[in-house]
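Novice: Below are the sequence and a predicted model; questions follow.
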Amino acid sequence: SDTTESNSGNQTSLKELESNKTDISGLKKKIESEISEKNNEKTHPDSGKISDISNNTLEKLIKQNLEQEKLNQELVAKTIEADQRSFKTELHLKELEGLKTLAEENYQQIYDSINYSKYIQDSMFPTEEELNKHFKEHFIYYKPKETIGGDFYYLKKVRDTLIVAVADCTGHGVPGALPT
């Protein structure tokens with residue numbers, strides 16, 4: 001909306017410039033008419049010089065006014081260009097904010113999924129109580145590099161046989177945990 005207001009402001013400036021141009025043209029005609037009338041009224045020998053000076057001054061004023069008008073138009077054009085760049089920057093910023101939000105949501109989903117996988121993996125390991133039932137002395141040192149890992153240990157009593165396994169699957173994190 002700021003850009004729209006700025007563009008309408010620039011259009012107003014252009015209209016004002018066109019109006020000033022018309023005013024200048026009318027002013028020039030009026031001054032020329034007055035000079036012509038005064039030249040006709042005067043009979044003084046220097047009256048031609050006064051007319052030349054007035055015309056010369058008028059031409060300088062008109063030239064300065066045209067130069068100023070040209071500079072004003074360039075300024076308006078540059079302002080419009082800057083407003084357009086600002087608008088594009090705002091669009092890019094909003095797009096980046098949307099992408100950031102999407103990335104954060106995806107990260108949270110992956111993070112939650114990996115943490116839940118850890119919960120599942122931990123529930124498959126024998127408990128301290130189970131280990132104490134079968135071994136007087138034991139210890140477990142399990143420190144995966146990532147949240148979940150490919151190493152695991154297993155304990156199962158089948159009839160009179162106690163099955164114990166300690167395994168190391170290749171890989172770390174999710175790829176290492178998948179085979180387990």
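Specialist: Received it, and whenever you're ready, just let me know what you need.
Novice: Report the residue spans of this protein with pLDDT below the cut-off.
Specialist: 1-28, 32, 34-53, 171-173, 175-180 (pLDDT under 70).
Novice: Spell out, range by range, the helices that occur in it.
Specialist: Taking DSSP state H to define them, one finds helices in the chain at 2-41, 47-124, 128-134, 173-177.
Novice: buried ones in stretch 127-137?
Specialist: Of the residues in stretch 127-137, Leu131 count as buried by neighbour count, 16 or more other CB atoms under 10 Å. Glycine gets a C-beta too; all of them are placed from N, C-alpha and C.
Novice: do the same with stretch 82-91
Specialist: Of the residues in stretch 82-91, Asp83 count as buried by neighbour count, 16+ other CB under 10 Å.
Novice: Leu58: what's its closest spatial neighbour, skipping adjacent residues?
Specialist: Ile31 (5.5 Å; CB to CB, 6 or more residues apart in numbering).
Novice: any idea how far Glu97 is from that neighbour?
Specialist: Distance of Ile31 to Glu97, computed by CB to CB, to the nearest Å: 59 Å.
Novice: Ok, Ile163 next?
Specialist: Taking CB to CB as the measure, Ile163 and Glu97 are separated by 55 Å.
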